[in-house]
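[1] Any chance you could fold what I've pasted below:
(one chain, ligands or ions: 1)
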Amino acid sequence: MTHILCIGAGYVGGPTMAVIAEKCPDITVTVVDINQDKIAAWNSDNLPIFEPGLPAVVERARGRNLFFSTDIPNAIRTADIIFVSVNTPTKTFGAGAGMAADLQYFEKTARQILQYANGPKIVVEKSTLPVRTAVAMERILNANGQQFEVLSNPEFLAEGTAIQDLYQPDRVLIGGKDTESGRAAVEKLASVYLHWVPNERIIRTNVWSSELSKLAANAFLAQKISSINAISAICEKTEANVSEVAHAIGQDRRIGSRFLNASVGFGGSCFKKDILNLVYLCQTYGLHEVAEYWHQVVKLNEYQTKRFVDNILTQLFQTVSGKKIALFGFAFKANTGDTRESAAIYVARQLIEERAELSICDPQALLNAQKDLAGYEHQIEYSKDPYRAAQGAHAIAILTEWPEFQTLDYKKIYESMEKPAFLFDGRNLLDHRLLFELGFNVFPIGRPSLRHY
Ligand SMILES: NC(=O)c1ccc[n+]([C@@H]2O[C@H](COP(=O)([O-])OP(=O)(O)OC[C@H]3O[C@@H](n4cnc5c(N)ncnc54)[C@H](O)[C@@H]3O)[C@@H](O)[C@H]2O)c1
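    Predicted coordinates for the structure are as follows:
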């Protein structure tokens, strides 16, 4: 029986391993983490992350061939294949601060593997890493003569649709060395995915192409969002409608219709960090024009969020001091409780700086929001009830595209608010004409505003 270990029980490690265990009853899968609370949560009915469909998958496999543990040494000893799925955040200190990937967690796992392994193993980079990290990994692992094969197998799941993405991936990418043992390791890992993924969807490449493809994929996706957001700014000046433009250009199959929703800006733990990582890589190789090209994707995103806050200030007569503003949504997107790099964090902080009183409403992300905004408790109330959040507010800002915000009784909400009442739809989620007829002054993204003055 093959033993798989995954180091790192986060948004990637947990769901990925749960699906592998469910689809491969002949493989034992253990997931470890240094965070004991997280492991306790994975072993309970209250999983540490919200992901649609995940509880049922975990329930089917946990205790059968899926185990969550903090016993890292023992798990390393018994594993044949070790996935490393720890966090690789942006470095905050020293050379490359604010840009380069912080590889300290990743390197620690390499040293742990070396310390406890008692024979050759396949080590799989699941985390997103700078190109050529596998060399460093291999040098550490093979330092005292043991033979480890290091593969790159980046994860492409999206939070909110992780289970579906894992069940039916567009592709599984495996990068390995073009040597006999390298090719054997690639096929060993491919044999895991072949339990449910068709062979033609499993792409085998060299390690560097695999590492770079993950950064490139995120850069392309984020670039698409920044492109439509850039167009939304032009729309607001010209009375063009960004949704109509997006529909018209999206019909061109070379462009494609997905990822063309203008918004307050992209968030999530990956896009910004991975692009900055790419930018840093380009700078390191002296590719300054290429670095600047990708950097602009992040800068445009920051500009889009800033534009949104500036508009709230302008429309509310240049002051929000002492005014209650309701933020509908705090997660970086719908169907997750994850708030990492959410545009809502920036919006909230800017409004707090302007001395607004905030009421924040989100079906899944309130605990994370409280952590993100720690220290500002006196200016913020949190509520799962949007009616309560909006009561007495001067404005509502829609920051996450939760479908439940679409079906609220906005007449009732309007009546409970201060007048004039404003609604800033950072996701173009609602029926703006209807809201206007109810009395709201409505400010969408990239569409003409609807105002009673
Ligand atoms: N979140 C996503 O949607 C997503 C998608 C694709 C790829 N990725 C990449 O996958 C990686 C993991 O992302 P995530 O969102 O799961 O991060 P996460 O922060 O949710 O999880 C990482 C986990 O690793 C644990 N950890 C850190 N050092 C450890 C150690 N030495 N031993 C054991 N456990 C350790 C942490 O405690 C944490 O629980 C990142 O490189 C990320 O870029 C993330």
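[2] Export the helix or strand of the chain with the lowest mean pLDDT to PDB, keeping only CA atoms.
    The helix or strand of the chain with the poorest confidence is helix 133-141; it has a mean of 89 (mean pLDDT, DSSP states H and E). Provided in PDB are the C-alpha atoms of helix 133-141 (Å, rounded to 0.1, in the frame of the first residue of the first chain):
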ATOM      1  CA  THR A 133      13.200  26.100  -6.000                       C
ATOM      2  CA  ALA A 134      13.400  22.300  -6.700                       C
ATOM      3  CA  VAL A 135      17.200  22.600  -7.100                       C
ATOM      4  CA  ALA A 136      17.500  24.000  -3.600                       C
ATOM      5  CA  MET A 137      15.100  21.400  -2.200                       C
ATOM      6  CA  GLU A 138      17.100  18.600  -3.800                       C
ATOM      7  CA  ARG A 139      20.500  19.900  -2.600                       C
ATOM      8  CA  ILE A 140      19.200  20.000   1.000                       C
ATOM      9  CA  LEU A 141      17.500  16.600   0.800                       C
END
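[3] What are the buried residues along that helix?
    Across helix 133-141, burial judged by 16 or more other C-beta atoms under 10 Å covers 133-134, 136-138, 140-141. No exception for glycine: its C-beta is placed from N, CA and C like everyone else's.
[4] Nearest to the ligand among these?
    Among the buried residues of helix 133-141, T133 lies closest to the ligand (C-beta to the nearest ligand atom), at 10.5 Å.
[5] dump the residue contacts of the closest one.
    Residues near T133 by C-beta atoms under 8 Å, 6 or more residues apart in numbering: 103, 106, 125, 211.
[6] So which of those are in strands?
    Counting by DSSP state E, the contacts of T133 place E125 in strands.
[7] so which of the contacts of T133 comes closest to the ligand?
    Using C-beta to the nearest ligand atom, F106 is the member of these that lies nearest the ligand, at 8.0 Å.
[8] Could you pick out which of the contacts of T133 are located in helices?
    With DSSP state H as the criterion, helices contain 106, 211 from among the contacts of T133.
[9] could the contacts of T133 go into TSV alongside neighbour count?
    Listed next are the contacts of T133 as TSV, based on neighbours: other C-beta atoms under 10 Å:
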residue	neighbour count
L103	19
F106	22
E125	25
E211	24
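[10] wait, I360 sits on A331?
    No: I360 is not in contact with A331 according to C-beta atoms under 8 Å; the separation is 10.9 Å.
[11] For the two, indicate the residue with more neighbours.
    Applying other C-beta atoms under 10 Å to I360 and A331 shows that A331 carries more neighbours, namely 29 against 23.
[12] Doesn't that one lie inside a helix?
    No: under DSSP: H, G, I helix; E, B strand; the rest coil, A331 sits outside any helix and is assigned coil.
[13] Surely it touches R427?
    No: with contact defined as C-beta under 8 Å, A331 does not count as touching R427 (11.5 Å).
[14] joint contacts of these two?
    Both A331 and R427 are in contact with T400, where contact means C-beta under 8 Å, 6+ apart.
[15] quick one: secondary structure of the residue nearest the centre of the chain?
    For the chain, the residue nearest the mean C-alpha position is G268 (3.3 Å; C-alpha atoms, centre = their mean). Look at G268: counting by three-state DSSP, its state is coil.
[16] Can you tell me the closest non-neighbouring residue to it?
    Among residues not flanking G268 along the chain, F332 sits closest, at 4.7 Å (C-beta to C-beta, 6 or more residues apart in numbering).
[17] how close does that neighbour sit to the ligand?
    Per C-beta to the nearest ligand atom, to the nearest Å, F332 is found 10 Å from the ligand.
[18] Which pLDDT does the model give that residue?
    Looking at F332, its pLDDT is 98.
[19] N118 too?
    Looking at N118, its pLDDT stands at 88.
[20] Can you give me the neighbour number for it?
    N118 has 9 neighbours, counted by other C-beta under 10 Å.
[21] just checking, it touches R77?
    Yes: look at N118 against R77 with C-beta under 8 Å: they come within range, at 5.4 Å.
[22] related to what we said a few turns ago, mind putting the buried residues of helix 133-141 in TSV, distance to the ligand included?
    Output for those, formatted as TSV (distance: C-beta to the nearest ligand atom, whole Å):
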residue	distance to the ligand
T133	11
A134	14
A136	15
M137	13
E138	18
I140	13
L141	15
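[23] Could you let me know which of the residues you listed ends up closest to E415?
    Distance to E415 across the buried residues of helix 133-141 (C-beta to C-beta) is lowest for T133, with 56.8 Å.
[24] From V84, how far off is the closest one?
    Distance of T133 to V84, given as C-beta to C-beta, to the nearest Å: 10 Å.
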